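>>> For reference, the sequence and a predicted model appear below.
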Amino acid sequence: MDRQAYINWIREVRGKMSQKEFGEKICHFKNEKGTKVCKTYHRNEIANWEKGKNVPLNLETFISIALLDFDNNHRDKSGSGYRNLRFQYVRNKMKVILGQELYCRIVHEALLIQVCRDIITFEELLELEPELDRIVQSVDMDMCQKRDYALQRGTENIAGNLYGVTKKDEIISIIAESKMFFYTGVRTFGERMRKCCEKEQRYAASIKFAEAVRVYAPNYRDSFGRVFTSSGISRRWIIDLCIHLRFNRAEIQDMLKNAKVIPLSADPCDVEFYYEEREGMAIGSASWYQYMEKQYPDKFKSHFSGLQLLDLSDKMRVAGLIGIFIGNVKQIEELVPVDYLLESFMWYDCGKEALKIMREINGHEKSAEELEMLIRDKGKFWIDYLESGLYTLESEDARKVYRDYLQEFSEYYMVPIKVDGQACNDIEAVKLRYFASIIYTVFTGHYYKGRIREEDLKIIKNQFENQVEGWKVIYGFINQFLVTFLSGRILHKDDKARYYCMINHKKKNTFDMEDVKESIWESIYMLDCTK
């Protein structure tokens, strides 16, 4: 991709339009509650593109810009050649700037061709695509037939037919008549990803593609099958799945090539340039993220830095949701990798929807227990997502891989805890430590690395200080909770099975899971009341 040419072109097409006006004319697809919708862009995103930041690499955005460019310079829509002239303009721009073409044997891209030809809109594409996918996936073929069709030269005929379409109904007819070619045209990508994932010695044990997704990419467990249909997948979707599955750079590039999308950037100004395994650390592992954040702080913000964009009330709500999950854990192996918890709130619908439910619940005159029951009832999908861990895995090899993954976050729960001077694996103490370390990450955006520092507490305090009335009470609770379980001090247990530590020979606050959860609910209510 010619990055600078792309940036210059965006500025040129915008011309005298404001960034707000331009953003409202440019489209991209986004999943909302499991449904793909067409969205426009905020002016701040346009400003970032023109500064060379987060340049959009999805096809819908590129095509939107190209069509706006064409339409600004070609007012006359008459004549039989207008539609294909429009498509050829987009096609040429895509070749020059992105170095790729639309592949007519993929339903999504066949529909994008018709958007370019002004037969359908982006919104109509979203309406048509599920129906066409069902038609293509209805094909019933054995392996030999799939291989035969995959080898047949049908692409030119399909392309010729698509370039002659004059109305929407004709698109459906063409794809239905050539459904075998569409079906086989997308299978190769999925099979190559599966084969790559199942390579020997990739993980701690040999597991199937579906099991690897369940362990390392639980958010994709209901959608990874799209790799065999190319339906509803984007370049960003592919990269994110590959990173979660611990593919190396060459493997990610191979997947992008097979999906016929733009390869990883070779520009040092782009974060994708740095997607490479380092010092034996697999891309996507906790150690890799920590290494990259330290080595390239200007490119790699903390993996969880997005949590800091949440307001104070939402950070406490995230803590409340996590407390509900941890409170139900009965043994250490029921804990989940930190990624499961925190990525869900940053990028995926399941956590965002649970957070939305939390915002809608009025905590006044409800006990912590009543509030928890409400959340469990309304947000069951989020709990189900988290419980896709160890005990839902069928094979012992998959469980071994899961344990290996969980071990990446051992500092969150496995650093030896001493209670009354003796090493302790008491599940209650482990859960409280895990909970405290998760809260540490929510408020700092950083991985917990075994010890809380004074500067960490200052970062957290600054988020409370003078922000709300009564902030000292809430911060005091958070401070004492984190110091008790993350400072490395010896814990003590009182006769009510609550934990505390001694600071300057003085006994500090006592904690158990129920007390901590109740304090978080009270804090949320207090914060909401001061808005």
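Yes, it's here. Numbering: from 1, shown residues only.

>>> quick one: the closest residue to residue 174 other than its chain neighbours from residue 82, how far?
Here the nearest residue to residue 174 in space, its sequence neighbours aside, is residue 161; by Cβ to Cβ, 6 or more residues apart in numbering that works out to 4.8 Å. Using the backbone N, CA and C atoms, a C-beta is placed for each residue, glycine as well. As for residue 161, its distance to residue 82 is 19 Å (criterion: Cβ to Cβ, to the nearest Å).

>>> which of the two has more neighbours?
Each of residue 161 and residue 82 has its neighbours counted (other Cβ atoms under 10 Å); residue 161 has more, 18 against 14.

>>> Please report the distance of the residue nearest to residue 249 when sequence neighbours are not counted from residue 237.
Ranked by Cβ to Cβ, 6+ apart and with sequence neighbours excluded, the top spatial neighbour of residue 249 is residue 276, at 4.6 Å. Applying Cβ to Cβ, one obtains 20 Å for the distance of residue 276 from residue 237.

>>> would you list every one of the strands in the stretch 351-500 of the chain?
Using DSSP state E, counting those that start in this stretch, the strands assigned to the stretch 351-500 of the chain run over residues 417-419, 422-424, 491-493, 499-503.

>>> helices or strands up against the third one?
Pointing back at strand 491-493 there. Based on contacts counted as 3 or more Cβ pairs under 8 Å, 6 or more residues apart in numbering; DSSP states H and E, the elements that strand 491-493 packs against are strand 417-419, strand 499-503.

>>> least reliable of these going by mean pLDDT?
Looking over the helices and strands packed on strand 491-493, mean pLDDT reaches its minimum on strand 417-419, with a mean of 63.

>>> now that we're looking at residue 22, how far away is residue 138 from it?
For residue 22, the distance to residue 138 (Cβ to Cβ) stands at 41 Å.

>>> repeat for residue 196
Computed as Cβ to Cβ, the residue 196 to residue 138 distance reads 28 Å.

>>> In terms of packing, which of the two has more residues around it?
Neighbour totals were compared for residue 196 and residue 138, and residue 196 leads with 19 against 10 (other Cβ under 10 Å).

>>> Can you pull the phi/psi pair for the more buried one?
The main-chain torsion angles of residue 196 are listed as degrees, to the nearest 10 and equal phi -60, psi -40.

>>> burial count for residue 2?
Here the count is done by other Cβ under 10 Å, and residue 2 has 13 residues near it.

>>> Output the below-cut-off pLDDT ranges for the stretch 51-200 of the chain.
79-80, 141-154, 185-186 (pLDDT under 70).

>>> What of the chain?
33-34, 79-80, 141-154, 185-186, 230-232, 362-368, 388-391, 415-425, 505, 530-531.

>>> Do a quick rundown of the helices in the stretch 1-150 of the chain.
3-14, 19-23, 43-50, 59-73, 82-93, 107-116, 122-137, 143-151 (DSSP state H, counting those that start in this stretch).

>>> Over to the stretch 351-500 of the chain?
Taking DSSP H, counting those that start in this stretch to define them, one finds helices in the stretch 351-500 of the chain at 368-378, 380-386, 396-407, 427-444, 454-464, 471-486.

>>> Comparing the ones you listed, which comes out most buried?
Mean neighbour count (mean count of other Cβ atoms under 10 Å) peaks for helix 427-444 among those, with a mean of 22.

>>> picking up where we left off before, out of the helices of the stretch 1-150 of the chain, nearest to residue 522?
The closest of the helices of the stretch 1-150 of the chain to residue 522 is helix 43-50. By Cβ to Cβ, the value is 35.7 Å.
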